[in-house]
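Visitor: next one to model:
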Amino acid sequence: MYSSILMTEVSKHLPQEVMPAALSAGLPESSLPALYQGITNGDLSSVPGISPGISAVVGVAVKVAYARSYQTVFLCTLPFGILLIISALLSPNVEQYLTDEVARKLQGTVRAEKN
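Guide: Predicted structure coming up:
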């Protein structure tokens, strides 16, 4: 479930963060599809018109996009955590059942083998 939320949020935030940053850094608009493909593949060397400065700006924008996406995933985990804490507070105490007493030993008994 969380990976599905993450992928949905990344696909939403990545174009919002990366594309304007790349254009403002000087990347031609015709290179945007190749840039998005390069980000997906993890290799920006095949993007036409990219420079080390543009790569640095794109790297920062990708980090921001992933940070916003993980923020949404974190916010989705909060209701489950709250429910688990409430359940733990309302559960009965079971310490009386946590003893070393064994009702019946299942293994380790010695038997005489038949020949």
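
Visitor: in this protein, where's the longest helix?
Guide: Counting residues, the longest helix found in the chain (DSSP state H) is helix 52-90.

Visitor: buried stuff in that one?
Guide: Across helix 52-90, burial judged by 16 or more other Cβ atoms under 10 Å covers 54-55, 57-58, 61-62, 64-66, 68-69, 73. Every C-beta, even on glycine, is put in place using the N, C-alpha and C of the backbone.

Visitor: those residues: which two are farthest apart?
Guide: 54 and 73 (28.6 Å; Cβ to Cβ).

Visitor: coming back round to it: of the buried residues of helix 52-90, closest to residue 45?
Guide: Nearest to residue 45 out of these is residue 55 (Cβ to Cβ; 9.0 Å).

Visitor: that closest one reaches residue 45, doesn't it?
Guide: No: Residue 55 lies out of contact with residue 45 (Cβ atoms under 8 Å); the separation is 9.0 Å.

Visitor: what does the worst-scoring helix or strand of the chain on mean pLDDT contact?
Guide: Lowest on mean pLDDT, DSSP states H and E among the helices and strands of the chain sits helix 32-41, with a mean of 86. With contact meaning Cβ atoms under 8 Å, 6 or more residues apart in numbering, helix 32-41 is reached by 14-15, 18-19, 22-23, 27, 44-48, 50, 58, 62.

Visitor: widest-spaced pair of these?
Guide: 15 and 45 (21.0 Å).

Visitor: the two - which one has more neighbours?
Guide: residue 15 (13 against 8; other Cβ atoms under 10 Å).

Visitor: quick one: secondary structure of the more buried one?
Guide: Using DSSP: H, G, I helix; E, B strand; the rest coil, the structure places residue 15 in helix.

Visitor: show the pLDDT at it.
Guide: On pLDDT, residue 15 comes in at 88.

Visitor: what's the burial count for the closest residue to it other than its chain neighbours?
Guide: In space, and not counting its chain neighbours, residue 15 is closest to residue 36: 7.2 Å by Cβ to Cβ, 6 or more residues apart in numbering. Using other Cβ under 10 Å, residue 36 has 16 neighbouring residues.
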